[in-house]
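*Asks:* Got a predicted structure here, sequence first:
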Amino acid sequence: MKQNKLFYKVGQFLMFAGPATILFAAVVIVPFFYGLYLTFTSWDGVAANKPFVGLQNYKDAFADIAYWDALGRTVVYSVISVVLVNIVAFVLAYLVTSGLKGQNFFRAGFFIPNLIGGIVLGYVWKFMFNRAFVAIGTAVVGHDTSSLLGTTNGALFALILVSVWQYAGYMMLIYVAGFMGVDDSLREAALIDGCSNGQAMRHVIIPLMRASFVQCIFLSTTRCFMVYDLNLSLTKGEPFNSSVMAAMHVYNKAFVYKNYGVGQAEALILFIICAVIGMIQVYVGKKGEVAA
């Protein structure tokens with residue numbers, strides 16, 4: 001009887017979740033472990049043999065100054081972008097849930113940038129920075145101006161600006177769901193008790209939206225740490241490799257310089273850092289979550 005029940009459960013799992021499980025294993029699990037194996041080899045991506053080198057790739061990764069520079073740059077970019085993305089998304093969510101006329105139209109409009117691929121988005125904004133903004137600046141000041149993408153700090157600022165423009169609309173929808181999940185009677189009760197709108201927002205609404213903050217901060221953090229397509233199309237790491245993020249450095253190490261072992265080791269280190277940051281952020285966020 002128990003055996004038949006077990007076969008029934010296994011059959012139901014294979015019928016409904018089997019194809020998805022197989023696909024997930026094929027595109028995530030198997031490549032992950034194969035990449036883990038490559039970190040112990042000196043494969044160049046072409047040769048048939050993969051010489052085993054032990055932990056040498058990890059030693060080279062920790063000694064790669066350019067990698068740690070790119071990682072530090074990614075941390076700065078991610079911290080600033082995550083803060084701005086969530087502030088902008090929260091403000092937009094508040095506006096489109098406050099009874100604003102045509103708020104559904106604005107919701108769709110703010111979300112549209114997230115539907116544009118990073119490659120296309122980067123090239124569009126590259127044209128804006130190099131041509132449109134330069135032409136406007138020249139017309140305003142009366143002499144030739146340079147593009148933001150031509151300076152080290154300007155390139156990083158451009159990446160942050162475009163990332164905020166792209167991600168804020170998606171995070172806005174999560175905050176919208178958070179606002180709609182808070183019962184209006186709680187806010188009204190706070191106002192009746194003498195709270196101002198700001199105090200009601202701070203002490204009632206925001207604590208009840210903690211789950212939305214956890215999700216948005218986690219998603220925006222992981223997206224910013226793993227940014228590659230926008231980095232490639234907007235700045236391509238220029239000028240003078242000053243805007244190379246960690247993901248681009250890993251890609252170049254593996255596919256441009258044909259050093260798959262070290263590149264994969266650096267990718268694994270980046271993955272571990274992102275996983276640790278994500279788990280800490282989720283743990284801290286969930287720890288103080290308030291039930292509505």
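*Replies:* Yep, it's here.

*Asks:* Quick check: V244 is in a strand.
*Replies:* No. Under DSSP: H, G, I helix; E, B strand; the rest coil, V244 falls outside any strand and is assigned coil.

*Asks:* Backbone dihedrals for it, both of them.
*Replies:* Backbone dihedrals for V244, given as degrees, to the nearest 10, come out at phi -70, psi 120.

*Asks:* Can you give me the neighbour number for it?
*Replies:* V244 has 23 neighbouring residues, counting by other C-beta atoms under 10 Å. To be clear about C-beta, it is placed using only N, CA and C from the backbone, and glycine gets the same treatment.

*Asks:* got the contact list for stretch 256-264?
*Replies:* When contacts are defined by C-beta atoms under 8 Å, 6 or more residues apart in numbering, stretch 256-264 is touched by residues 35-36, 38-46, 53, 56-57, 60-61, 64, 250-255.

*Asks:* Of these, keep whichever come out buried.
*Replies:* Taking 16 or more other C-beta atoms under 10 Å as the criterion, what is buried in the contacts of stretch 256-264 is 35, 38-43, 53, 56-57, 60-61, 64, 250-254.

*Asks:* mind listing which of those are in helices?
*Replies:* Members of the buried ones among the contacts of stretch 256-264 lying in helices (criterion: DSSP state H): 35, 38, 56-57, 60-61, 250-251.

*Asks:* what's the most distant pair in these?
*Replies:* Farthest-apart pair in those is Q56 and Y251; separation 21.0 Å (C-beta to C-beta).

*Asks:* so who does L230 touch?
*Replies:* When contacts are counted by C-beta under 8 Å, 6+ apart, L230 is found next to 118-119, 121-122, 159, 162-163, 166.

*Asks:* Narrow those residues to just the buried residues.
*Replies:* With neighbours counted by 16+ other C-beta under 10 Å, the contacts of L230 contain buried members at 118, 121-122, 159, 162-163, 166.

*Asks:* In CSV, list those residues along with pLDDT, distance to V79 and secondary structure.
*Replies:* Putting the buried ones among the contacts of L230 into CSV (pLDDT from 0 to 100; distance: C-beta to C-beta, whole Å; DSSP: H, G, I helix; E, B strand; the rest coil) gives the following:
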residue, pLDDT, distance to V79, secondary structure
G118, 82, 20, helix
L121, 90, 21, helix
G122, 91, 21, helix
L159, 95, 13, helix
V162, 94, 17, helix
S163, 94, 12, helix
Q166, 93, 17, helix
